[in-house]
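> Make a model of this:
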Amino acid sequence: MTSPHASDARRGQPFRFFDNREKYLLFVNTCNEKQVISDRIGLEMAYIRPSPPALRVFDAGMGDGTVLASVARFLHHRFPDLPLLLVAKEASHEDVRLGLEKMPDRFHEHPRTVLALTNLFYSEAPALWPNSSAMQAQLDWRVAPLDGASAYEFEQQMREMEPDIQEWWQTKPSPRSGNPVYVRPSVLVIYRRDQEAALGGVIPEQGDAAREYDLVIAAQPFRARLDAATKARTVLVPLAASLAPDGLAVVIQSTGKDPGMEVIRDVWPGENPFHTPRQELLRELKIQLGDSRPDLRFLSYMDSRAEFRFSLRLRAGEVNSVIGTSTTLAAWNAATYVAQIEDQRLSQAMTHSAYLDVTQAVLKKYGGLWFTDESFLITRVSNP
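So this is what the prediction gives:
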């Protein structure tokens, strides 16, 4: 069956690689990036100091919910009695469904948890409030208290939300960027009904846009090939502005300094999707903020601290013998997914077997396949 993204490319319509579900699901199930990112965020969270009435987290791209659920477990370990507000932006209704599947246990272990999901833009999502009055009037705000006290009961109720979520999270391609944008702005707020009294002041209310966060997670929040000015304007500036005093934003992006990029350049010489290193992003962010936010601080770190690896999951000794087709295809998918290669170019490259030979050669050369991400921090000081 022809991919809808491939047909879009043939019609000259813009395409956003991260929306290809098959490649995404294969990538997250064959690579350990999600867990490694969770560990990196946990490392940085040693510095957060939440202020009552809750520890407030904003996830600037929930994906399948693996990172958010892992971070929530860590936060329960550190702050078992503090109410927890998790606000997550996600444009894909399929990812909202996958994310909800990971949350029933969170409501059981940490009863005073509030989860708010939204499809709003980066400039709107932290406040849970659209920018324009027209979209404010159309905002679909749903509150879904959970009854019962067991993870099983919570799971059953969340499953019943799936048909509604599919309707609320409808998207259309932006004619300018090709990114999916909401048809109707939506917010879904979930918490335990038996904790409602204890969560006063934590449960978001419609129209209350004065919301700041102790932790902002921004893991791969933008398309790699965008220029630094666009990444800063559309993503980093609104996220930085959403930080509470002593709040922390952890930003993570790919670097291309790895064997995965070797696969890509063997097939497409000169390919360079990663042209905005963290230092350039922070420089552009400072330019755009100017003197408006003297309370913000930016930590780039040295490469030895900022960079970290994740890998393709392989059995011990798997690349020391004949490499199976499934392993080769998983490695190829991971390399092309991280580099955000469009379907049209992928289809052309896969018309002959050279891409398999290249991928197997890199696997044997390095004894596996790994990728390098980098992180940097934005913090807000309470007394600038």
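> hey, let's count contacts and neighbours off CA atoms from now on
OK.
> which residues of the stretch 51-200 of the chain fall in helices?
66-78, 93-101, 104-109, 133-138, 151-160, 162-168 (DSSP state H, counting those that start in this stretch).
> mind putting those in TSV, mean pLDDT included?
Converted to TSV, the helices of the stretch 51-200 of the chain look like this (pLDDT from 0 to 100):
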stretch	mean pLDDT
helix 66-78	96
helix 93-101	94
helix 104-109	98
helix 133-138	96
helix 151-160	98
helix 162-168	93
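> dump the residue contacts of the residue nearest the centre of the chain.
Geometric centre of the chain, nearest residue: residue 61, 3.3 Å, by CA atoms, centre = their mean. Contacts were defined as CA atoms under 8 Å, 6 or more residues apart in numbering; by that measure residue 61 touches 88-90, 218-219, 221.
> measure it to residue 21 for me?
As judged by CA to CA, to the nearest Å, residue 61 and residue 21 stand 15 Å apart.
> Alpha carbons of stretch 365-375, as PDB, please.
This file holds the C-alpha atoms of stretch 365-375, laid out as PDB (Å, rounded to 0.1, in the frame of the first residue of the first chain):
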ATOM      1  CA  LYS A 365      32.500  -1.800  11.500                       C
ATOM      2  CA  TYR A 366      31.200  -0.500  14.800                       C
ATOM      3  CA  GLY A 367      29.800  -3.800  16.200                       C
ATOM      4  CA  GLY A 368      26.300  -2.200  16.300                       C
ATOM      5  CA  LEU A 369      24.700   1.100  15.700                       C
ATOM      6  CA  TRP A 370      24.500   4.100  18.000                       C
ATOM      7  CA  PHE A 371      23.500   7.700  17.800                       C
ATOM      8  CA  THR A 372      24.500  10.900  19.600                       C
ATOM      9  CA  ASP A 373      22.100  13.400  21.100                       C
ATOM     10  CA  GLU A 374      23.000  16.500  23.000                       C
ATOM     11  CA  SER A 375      21.200  18.400  25.700                       C
END
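> List the buried residues in that stretch.
Judged by neighbour count using 16 or more other CA atoms under 10 Å, the buried positions of stretch 365-375 are 368-375.
> which residue lies farthest from the center of the protein?
For the chain, the largest distance from the centre (CA atoms, centre = their mean) belongs to residue 321, which lies 35.7 Å off.
> What distance do you get for it to residue 24?
Distance, residue 321 to residue 24, using CA to CA: 28 Å.
> Residues in contact with stretch 92-102: which ones?
Under CA under 8 Å, 6+ apart, the answer for stretch 92-102 is 62-66, 69, 90, 117, 119, 155, 158-159, 162, 165-166, 169-171.
> Can you say which of these are buried?
For the contacts of stretch 92-102, buried by 16+ other CA under 10 Å: 62-66, 69, 90, 117, 119, 155, 158, 162, 165, 169-171.
> I'd like the buried residues of stretch 365-375 written out as TSV, with distance to residue 382, secondary structure and pLDDT added.
What follows is those, written out as TSV (distance: CA to CA, whole Å; DSSP: H, G, I helix; E, B strand; the rest coil; pLDDT from 0 to 100):
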residue	distance to residue 382	secondary structure	pLDDT
368	45	coil	93
369	43	coil	96
370	39	strand	97
371	36	strand	98
372	33	strand	98
373	30	strand	98
374	27	strand	98
375	23	strand	97
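> Can you tell me which of those residues is nearest residue 76?
For the buried residues of stretch 365-375, the closest approach to residue 76 (CA to CA) belongs to residue 375, at 23.5 Å.
> Throw the buried residues of stretch 365-375 into CSV and include distance to residue 95, thanks.
Shown next, in CSV, are those (distance: CA to CA, whole Å):
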residue, distance to residue 95
368, 29
369, 26
370, 25
371, 23
372, 24
373, 22
374, 24
375, 24
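> So for residue 2, what's the pLDDT?
pLDDT, residue 2: 32.
> can you give me the helices in the stretch 201-350 of the chain?
228-231, 237-241, 259-267, 278-289, 303-306, 325-338, 343-349.
> Which among the ones you listed is found nearest to residue 51?
Closest among the helices of the stretch 201-350 of the chain, using CA to CA: helix 237-241, at 17.6 Å.
> Please list the residues outside the closest one that contact it.
Counting by CA under 8 Å, 6+ apart, 122-123, 126, 216, 249, 285, 288-289, 296, 378-379 sit against helix 237-241.
> for the record, mean pLDDT for it?
97.
> How many residues are close by residue 205?
For residue 205, the neighbour count with other CA atoms under 10 Å is 12.
> shaky segments in this protein?
1-19 (pLDDT under 70).
> What ranges does it have for its strands?
55-59, 84-89, 113-118, 140-146, 171-173, 180-182, 186-192, 213-219, 243-254, 296-299, 307-311, 370-380 (DSSP state E).
> Could you list every helix and strand in contact with the fifth one?
Using 3 or more CA pairs under 8 Å, 6 or more residues apart in numbering; DSSP states H and E as the contact criterion, the secondary-structure elements in contact with strand 171-173 are strand 180-182.
> what's in contact with the strand it packs on?
91, 119-121, 169-174.
> Tell me the strands beside it, with direction?
strand 171-173 (antiparallel) (DSSP bridges).
> How far does the partner strand sit from its chain's centre?
Relative to the chain's own centre, strand 171-173 is displaced by 19 Å; criterion: CA atoms, centre = their mean, to the nearest Å.
> Equivalent analysis for stretch 103-114, please.
With CA atoms, centre = their mean, you get 21 Å for stretch 103-114.
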